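**Student:** Pasting the sequence and the predicted model now:
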Amino acid sequence: MTVLDAFDLDGQTAIVTGGNRGIGRAIANALAEAGANVVVANRDGESGEAAAEEIADATGADTLAAECDVTDEDAVAATVEATVERFGGIDVLVNNAGIVVHEAIETMSLDEWSTVIETNLTGTFICSRAAGREMMDDDGGVILNVSSMSAFIANYPQRQVAYNASKAGLEGFKNQLASEWAEYGIRVNNLAPGYVATDNADQGAQVAENAVETWEGEMLMDEMATPEMLGPTAVYLTSDASAYMTGETVVLDGGYTVR
Ligand code: NDP
């Protein structure tokens, strides 16, 4: 066995929430390239189906699209059931689905706050609980939450307090879940990106003047990441390459938070 064999996901089954576009799509593609069967789980059925097909065509992996809102317990249960029926179990769950609302706290509505917390934090709880039950009954598994450097810093110039609270919540969630589920052979880690060029970052760029210039001025790498840059780290964190790692966060931010 060589060191690269530890990164092999051949025969593993992974659910990637928000796998239809942005970071989730790049992670879904990377896991498929590493050999995993991939389930693309997101709200928009059409783009989910298209992504699942394109990933299968590009990588030769078996894929499945599941129309699923991560805040809907029944939809998540149905996604888990469909995955087990098709592939026999779940080895990897990537909790990637996430949204941001750019609004100052003094003018933010309770609805705006709640939608962000429900999607980013409660959705991660609902998906982890459903997939974790399957992993427990099997040989264990891996949960990877896409957190953010925003769990640890204040972003500027845009306003986004609910988002940062939700991502900080994912840090506590990951610590406690890793501790509670270690006995079942389930590892839980977070991947915390900095700014990545997706729809999510575009939204931030549009609400504040010179946002991109301000962000890039803080990065040691001088420019935003592409979603594909997260793929190798996601493969590391979901494969046996990280077999001794649990309860940790890998920050991948082009040197933003070090400055
Ligand atoms: P995008 O806006 O490009 O994509 C968001 C994804 O989440 C889509 O696939 C969307 O699919 C899915 N999604 C949103 N809400 C739900 C829901 N309720 N149920 C199921 N799926 C949902 O964002 P990114 O790719 O940038 O973000 C992905 C993750 O990475 C998020 O958790 C984000 O917080 C995090 N992140 C992003 C950074 C960035 O700079 N871009 C930096 C750090 C972290 P659909 O609409 O079809 O449901």
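**Tutor:** Noted; the coordinates are in hand.
**Student:** And the strands in the stretch 51-200 of the chain?
**Tutor:** Counting by DSSP state E, counting those that start in this stretch, the stretch 51-200 of the chain has these strands, from start to end: 63-67, 92-95, 141-146, 186-193.
**Student:** Could I get the ones you listed in CSV, plus columns for mean pLDDT?
**Tutor:** Output for the strands of the stretch 51-200 of the chain, formatted as CSV (pLDDT from 0 to 100):
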stretch, mean pLDDT
strand 63-67, 98
strand 92-95, 99
strand 141-146, 98
strand 186-193, 98
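**Student:** for Glu216, phi and psi?
**Tutor:** Torsion angles at Glu216 (phi, psi; degrees, to the nearest 10) stand at phi -70, psi -30.
**Student:** What parts of the protein come near the ligand?
**Tutor:** Applying Cβ under 6 Å from any ligand atom, one finds that the chain approaches the ligand through 17-18, 20-24, 42-44, 47, 68-71, 96-99, 119, 123, 146, 148, 193, 195-196, 198-201. From N, CA and C alone the C-beta is placed, and that goes for glycine too.
**Student:** Kindly write the ChimeraX command that selects the buried subset of those residues.
**Tutor:** Listed next is the ChimeraX selection for buried residues among the residues of the chain next to the ligand, using 16 or more other Cβ atoms under 10 Å:
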select :17,18,20,21,22,23,24,42,43,47,68,69,70,71,96,97,98,99,119,123,146,148,193,195,196,198,200,201
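**Student:** Please list the members of the residues of the chain next to the ligand that lie in helices.
**Tutor:** Within the residues of the chain next to the ligand, residues falling in helices by DSSP state H are Gly22, Ile23, Gly24, Ser47, Gly123, Asp199, Asn200, Ala201.
**Student:** List the contacts of the closest residue to the last one other than its chain neighbours.
**Tutor:** Residue nearest to Ala201 in three dimensions, not counting chain neighbours: Tyr195, with 5.5 Å by Cβ to Cβ, 6 or more residues apart in numbering. For Tyr195, the contact set (Cβ atoms under 8 Å, 6 or more residues apart in numbering) comprises Ala201, Trp215, Glu216, Met219, Met224, Ala225, Asp253, Gly254, Tyr256.
**Student:** Against Asp10, how distant is the first one?
**Tutor:** From Ala201 across to Asp10, the span is 33 Å (Cβ to Cβ, to the nearest Å).
**Student:** bridging residues for Asn189?
**Tutor:** Beta-bridge pairing for Asn189 (DSSP bridges): Leu144.
**Student:** Then Val250?
**Tutor:** According to DSSP bridges, beta-bridge pairing links Val250 with Leu191.
**Student:** Hmm, it is touching Leu237, no?
**Tutor:** Yes. Using Cβ atoms under 8 Å, Val250 is in contact with Leu237, at 6.5 Å.
**Student:** of those two, who's got more company?
**Tutor:** Leu237 (25 against 18; other Cβ atoms under 10 Å).
**Student:** which of the strands of the stretch 51-200 of the chain sits most buried?
**Tutor:** strand 92-95 (a mean of 29; mean count of other Cβ atoms under 10 Å).
**Student:** strands paired with it, and their directions?
**Tutor:** Strand pairing for strand 92-95, determined by DSSP bridges: strand 13-17 (parallel), strand 141-146 (parallel).
**Student:** Which residues does the longest one contact?
**Tutor:** The contact list for strand 141-146, computed with Cβ under 8 Å, 6+ apart, reads 23-24, 27, 90-96, 98, 124, 128, 131-132, 134-135, 170, 173-174, 177, 185-191, 193, 234, 237-239.
**Student:** quick one: the helices in the protein?
**Tutor:** For the chain, the helices defined by DSSP H occupy 22-33, 45-59, 73-87, 110-117, 123-137, 161-181, 199-207, 211-218, 231-238.
**Student:** what is the orientation angle of the helix or strand of the chain with the lowest mean pLDDT with helix 161-181?
**Tutor:** Ranking every helix and strand in the chain by mean pLDDT, DSSP states H and E puts helix 199-207 at the bottom, with a mean of 89. For helix 199-207 against helix 161-181, the angle by axes from the mean of the first three to the mean of the last three Cα atoms, to 10 degrees is 150 degrees.
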